[in-house]
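Enquirer: Compute the structure for the input listed below.
(2 chains)
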Amino acid sequence: MVREDNLIKIIGKDGYTKIRQTKCLLVGAGGIGSELLKDLILMEFGEIHIVDLDTIDLSNLNRQFLFRQRDIKQPKSTTAVKAVQNFNNSNLIPYQGNIMDTTQFPLHWFKQFNIIFNALDNLAARRYVNKMSQFLSLPLLESGTAGFDGYIQPIFPGKTECFDCTKKETPKTFPVCTIRSTPSQPIHCVVWAKNFLFNQLFADDDNQNEDNENKDWGTTDENEIKRIKQETNELQKLHNIILEQDFNRIPFILKKLFIDDISKLLLIENLWKTRTKPLLLDESIISENNHDVTEKKSLNEVWDIKYIIQRFIAVTKTLSQRMKSEGNFIEFDKDDEDTLEFVAMAANIRSYLFHIPMKSVFDIKQTAGNIIPAIATTNAIIAGLSALTSLRVLNLLDKYAPIEDVTKLNMAFTAMASNMTTNRYLSNPQLAPPNCTCPVCSQVVRGVVQLSDKLNEATTLEQLINKLKVKYGYGEDDDVSILDMKDQRLLYDFDFEDLCLRNLKDLKFVNGTIILFSDDSDNDEIKKPIELYFEIGDNVNELILPTLNIPMIKPKKPETDNEEKEEELVPMTENQEDEDGVVILDENDEEVIVEDSKKRPRAEDEDDLIEIIDLPKKAKN
Amino acid sequence: MISNSVQLDRYDRQLRIWGSIGQDMLKKAHICIIGSNNTLIHETFKNLVLLGISNFTWFSQDNIPEEEDIYNYRTDVKTEITGLCLGELNFTELKSNQELHDYSHFDLIIMLNIQKELNLKSKSDCNLPPIINVKTSGFYGYVKLELSEPHMVLDPHNEYPKVDLRLDQLWDEFEKYFGVYNTTEMDIDDSIDYPYPVLLNRVLKHFRSGDFSTEDIKKNLREMHGKTRPSKGFDRLNYLEALRYASRASVKSEHDEFIELLNKDIVPYVTQQCHKNFKRWSDPMNEQLSDLIQQLTAFVNENGLELPLQGKFPDMECDHNEYQKLKEIYDRHRSNYVNAFLQRQLLRENPFNRNIVDLFFRSLMDLTIIKPMEDGVTPQESKLYNILSNIDFFDDATRQHEEFKSISKPALFPIDVFVAGLASQEAIKLITHQFVPINNTFVYDGLKGEHTETLRT
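Expert: All right, here's what the predicted structure looks like:
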């Protein structure tokens, strides 16, 4: 084959044999993923495992060239593998799943690979795979694109900067009270419409039977709980209007949201000392039914409020009719016209009342769907760079350019297409050594604990702590703490011993659980914290702790956080609503993660923030 | 027929970059590709077809005997490149255009690893379209833009668009709007609702024209804020915005400088290009924009006018109704300006497209023209570029050049992918006349990066 011969000419027979024996993991079969899969196959990589959670959407087809119109709604990973068969010479193994799912992809599953390619579109998964590569010391090729711009970063655990060594574009965060009570920007209204209102009406889990007594309200104030309960009941009423397809009562939804609720807000005088008071929706507009809503207006234009109200009523009706056939559960999807229109209309009505500029449906789609512009060419460029760099990472080009030190390798950024004045299309900064303050790669020692199912049930937290203390040279009375890294749940520290006698299984220890074991003593020097990955299963009959070399470190001073300076300038209300849970709007264009976390210890400054995570922008050169 | 909304959704992620103006230009573009059937070609076709381009003429260079007319060797894109199922990547039927008489009819020519000197010439009195000349070998490659006429950028998409408030060049309606705030003593508590231009305007009233600095404005703003909230910090959002944009309060001198630049440099250059060698423009957008620059400059000169409003009316932290009022004043001003300008052009043979005029005016001060290499100008030197551009003529001994011993191998697959991706990326910029193309040669060293550079060759 010509393609084989060409490759052998460059990397030699030995190199070719090596590449045929190389097993790689490709995380993501989207924009960069489609391109990388093709590249890796044509470079004759022996085995490629492709993981992707998503299904194919029409808007993917302008760049994800392995997919066709007929493939819409099919899983990306398996469809991609089918599509490449006419030029494939590699062993391809597709998975439709979430790479962060420890049941499907436990740590030891990652062990089989020689190299990992990240072709992801969201921060959470990027961070997770980065961490796995750190646990296993596997080289990782990280990449990303947005519009004309893109980057790649090779990561050698322990030797070069990891993904988390540099600060990523800080998430946009909004205090919950801004979203619920005092919006001042269009995005606040979009977040409200999409994350609160839409979910309440159309995606509400039927939790009427839930035991209200044991519910974590995020506050102990009786009045506050009463108010939240009342609000929940009221929303339940609205939900019932939807469920019962009680179309005549749709105006009641408008009245409740845009008259009654806002009237209640107006009663809290503190809120309006430095702000313009919102308007109440004019009831006559709601009942006015002579507006022609069949007339289609351009999605690119901002509609007038009367038309918006009528469209709100119409689309609410449509969605409500869809509920039954969709299991009383509709998720917001920016590509689902009805859900998009509902969110756009609700956000615009709220904007109108709060004196905020309204937006076109097209614009709201971008905000609500967290759409990152994407084109074929940038993905091809970045995948090409990533594929090329993998040859150097695997030492296949040593005879042309020997690598004495991996920090001599380069990362790559393409120049802003709009800012070519410097006339440097590509910058190739050399890799930096790990950032010694990086909480992921430098601030912890890592190891894997092996544990049998049986012992998971038979071991108490206290017993585990004692074993850890003995193994890692702690005194019996030294203060330590244990944190479950998955949800930052505190399991134990010197003044929280409630869980000591519970067994590990009870404390949700499963295969893939990661805990952080830290020295909490007041000494000038403390032991470096240990991050332990639990492999729980039938492979062993006991509890095996890894042998680790734990250095002493100076304890960290509490950090002061200056990031949210801009936000801090927003006058906070004294009367904040207390909301348990942090909403993370993923930068990913597909999904929204609403974390209903039941965190026990919560750092004060983490409370009541709604986060919108942006794509990690290019690191500053 | 594919419905318009499906088209919209399919191209949604790129429409958000270059808009329907850009997408229409891609859709209509007719591209000539010269090169033999290999990775570079496959990748280029795939990239271009995905973007929505469907009209190609392909000359497969393998077929061209020496000295013969290249037109006899057209290759059918559809039948030759089957592996990628190109037709399925795009809605429209791919056209292998056969009715072609001259190179000047194309919108763009892409030459991929051409192994001989192809001295493309136009048989008509028209300039050639832009040529993207691509070469790859071993770990190296380059993408070179060859222009026969200046490439005029319609919208460079400057990362930081100009905030143009015109507070120092008020017009009647605007003056009247501010008058309301200026006559009455500013109600302290109400000022929290004012858009920041109102605050800036109020501060500007304190100064005689020209004799103040941005620092003066900021100082005044702080004092004004102090009156509204004596005991608190500087925390009101509209005041913060006013502070941030204080430097944009006065833009007159910046505008005057640009008008001078138009008169002294840009218009003479464009006029000269129009008459050079008595050739006609190849690219209608270049022609339209160069004409537009000349007409606009004349319009400004004759009427002693200001420049059209730059950028978009920015978002502001203020009362919605106030925002709307102000925005409408600006929008009306912008649209009146364009109307007055177009009114003057009524007798033209080819009337300007209003959308193009509006878009172009908005980024006028970021005006970008990529000039062709002129005769007598020495090209910049690059060792790697020299070797790559001549490699096909080297004897074996020269090919073993010490520094680039890996150069004469066939190109490594990902090098072809990268270079074809970049060539297609530049094709987008050239066809849409949006964003700034690489000027003019990007030389890529895929092995160590040491020889990667951008230069004029």
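
Enquirer: Restricting to C-alpha, output stretch A:363-382 in CSV.
Expert: Coordinates of each C-alpha in stretch A:363-382 appear next as CSV, following Å, rounded to 0.1, in the frame of the first residue of the first chain:
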residue,chain,number,x,y,z
ASP,A,363,-28.9,35.6,19.6
ILE,A,364,-30.6,33.8,22.5
LYS,A,365,-29.9,30.5,20.9
GLN,A,366,-26.2,31.3,21.1
THR,A,367,-26.4,32.3,24.8
ALA,A,368,-28.8,29.6,25.9
GLY,A,369,-27.1,26.9,23.9
ASN,A,370,-23.6,28.1,24.8
ILE,A,371,-22.8,27.8,21.1
ILE,A,372,-19.2,28.1,20.1
PRO,A,373,-18.8,28.9,16.4
ALA,A,374,-17.0,26.0,14.7
ILE,A,375,-15.7,25.4,11.2
ALA,A,376,-14.1,22.4,9.4
THR,A,377,-10.8,24.1,8.5
THR,A,378,-9.8,24.9,12.1
ASN,A,379,-10.6,21.4,13.3
ALA,A,380,-8.5,20.0,10.4
ILE,A,381,-5.6,22.2,11.3
ILE,A,382,-5.7,21.4,15.0
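
Enquirer: Now find how far off-centre that stretch is within its chain.
Expert: Once both centres are worked out by Cα atoms, centre = their mean, to the nearest Å, stretch A:363-382 turns out to sit 17 Å from its chain's centre.

Enquirer: Ok, stretch B:336-346 next?
Expert: How far stretch B:336-346 lies from its chain's middle: 24 Å, per Cα atoms, centre = their mean.

Enquirer: List the neighbours of that stretch that are in contact with it.
Expert: B:295-296, B:299, B:308-309, B:351-352, B:354, B:357-358, B:361 (Cβ atoms under 8 Å, 6 or more residues apart in numbering or on different chains). The C-beta positions use only the backbone N, C-alpha and C, and glycine is treated the same way.

Enquirer: can you tell me which two in those residues are farthest apart?
Expert: By the measure Cβ to Cβ, B:309 and B:351 form the most distant pair in these, at 22.0 Å.

Enquirer: quick one: which of the two has more around it?
Expert: With neighbours defined as other Cβ atoms under 10 Å in any protein chain shown, residue B:309 and residue B:351 compare such that residue B:309 has more, 21 against 11.

Enquirer: of all the contacts of stretch B:336-346, which comes closest to chain A?
Expert: Ranked by distance to chain A (Cβ to the nearest Cβ), the contacts of stretch B:336-346 are led by residue B:358 at 14.6 Å.

Enquirer: Of the contacts of stretch B:336-346, which qualify as buried by neighbour count?
Expert: Buried members of the contacts of stretch B:336-346, scored by 16 or more other Cβ atoms under 10 Å in any protein chain shown, are B:295-296, B:299, B:308-309, B:352, B:357, B:361.

Enquirer: mind putting these in a markdown table, pLDDT included?
Expert: Listed next are those as a markdown table, based on pLDDT from 0 to 100:
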| residue | pLDDT |
| --- | --- |
| B:295 | 93 |
| B:296 | 94 |
| B:299 | 93 |
| B:308 | 93 |
| B:309 | 92 |
| B:352 | 90 |
| B:357 | 95 |
| B:361 | 95 |
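
Enquirer: can the residues you listed go into JSON lines with extra columns for secondary structure?
Expert: Formatted as JSON lines, these follow (DSSP: H, G, I helix; E, B strand; the rest coil):
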{"residue": "B:295", "secondary structure": "helix"}
{"residue": "B:296", "secondary structure": "helix"}
{"residue": "B:299", "secondary structure": "helix"}
{"residue": "B:308", "secondary structure": "coil"}
{"residue": "B:309", "secondary structure": "coil"}
{"residue": "B:352", "secondary structure": "coil"}
{"residue": "B:357", "secondary structure": "helix"}
{"residue": "B:361", "secondary structure": "helix"}
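
Enquirer: how about a markdown table for those, with distance to residue A:235 added?
Expert: Below are these laid out as a markdown table (distance: Cβ to Cβ, whole Å):
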| residue | distance to residue A:235 |
| --- | --- |
| B:295 | 60 |
| B:296 | 56 |
| B:299 | 59 |
| B:308 | 50 |
| B:309 | 45 |
| B:352 | 54 |
| B:357 | 50 |
| B:361 | 49 |
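
Enquirer: Which parts of the stretch 351-500 of chain A are helices?
Expert: Per DSSP state H, counting those that start in this stretch, the stretch 351-500 of chain A carries helices over the ranges A:361-368, A:376-393, A:453-458, A:461-471.

Enquirer: how about residue A:426, what does it touch?
Expert: Applying Cβ under 8 Å, 6+ apart, we find residue A:426 in contact with A:412-415, B:442, B:444, B:449, B:452.

Enquirer: Please, where are all the strands along the stretch 301-450 of chain B?
Expert: Under the criterion DSSP state E, counting those that start in this stretch, the stretch 301-450 of chain B contains strands at B:369-370, B:441-445.

Enquirer: quick check: domain ranges of chain A?
Expert: A:2-167+A:373-427, A:184-355, A:448-545 (automatic domain parsing).

Enquirer: right, so of the ones you listed, which gets closest to residue B:274?
Expert: The nearest among these, by Cβ to Cβ, is domain A:2-167+A:373-427 at 25.7 Å.

Enquirer: related to what we said a few turns ago, mind checking which of the strands of the stretch 301-450 of chain B is nearest residue A:459?
Expert: strand B:441-445 (56.9 Å).

Enquirer: Strand partners (parallel or antiparallel) of the closest one?
Expert: Strand B:441-445 has these partner strands in its sheet, going by DSSP bridges: strand B:140-146 (antiparallel), strand B:453-455 (antiparallel).

Enquirer: can you list those in CSV and add distance to residue B:153, mean neighbour count and mean pLDDT?
Expert: CSV is the format used below for those (distance: least, Cβ to Cβ, whole Å; neighbours: other Cβ atoms under 10 Å in any protein chain shown; pLDDT from 0 to 100):
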stretch, distance to residue B:153, mean neighbour count, mean pLDDT
strand B:140-146, 13, 24, 95
strand B:453-455, 17, 20, 90
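
Enquirer: Would you mind giving the ones you listed as CSV with distance to residue B:343 added?
Expert: Shown next, in CSV, are those (distance: least, Cβ to Cβ, whole Å):
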stretch, distance to residue B:343
strand B:140-146, 37
strand B:453-455, 43
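
Enquirer: Can you say which of those is nearest to residue A:265?
Expert: strand B:453-455 (55.8 Å).

Enquirer: circling back to that earlier point, near chain A, which of the contacts of stretch B:336-346 show up?
Expert: Among these, no residue is within reach of chain A (Cβ under 8 Å from any Cβ of the partner chain).

Enquirer: that older thread, of the contacts of residue A:426, which one scores lowest on pLDDT?
Expert: Among these, residue A:415 has the lowest pLDDT, at 75.

Enquirer: give me every residue that touches the closest residue to that one other than its chain neighbours.
Expert: In this structure, residue A:415 finds its nearest non-sequential neighbour in residue A:425, 5.2 Å apart by Cβ to Cβ, 6 or more residues apart in numbering or on different chains. Shown in contact with residue A:425 (Cβ under 8 Å, 6+ apart): A:414-415, B:422, B:438, B:442, B:454.

Enquirer: and which of those residues is nearest to residue A:248?
Expert: For the contacts of residue A:425, the residue nearest residue A:248 by Cβ to Cβ is residue A:414; the value is 56.4 Å.

Enquirer: Run through the bridge partners of the closest one.
Expert: Beta-bridge partners, per DSSP bridges, of residue A:414: residue A:426.

Enquirer: how many neighbours does it have?
Expert: With other Cβ under 10 Å as criterion, residue A:414 counts 23.

Enquirer: Going by neighbour count, list what's buried in the helix or strand where residue B:19 lies.
Expert: Taking DSSP states H and E as the criterion, residue B:19 maps to helix B:12-28. Within helix B:12-28, the residues that count as buried by 16+ other Cβ under 10 Å are B:12-19, B:21-23, B:25-27.
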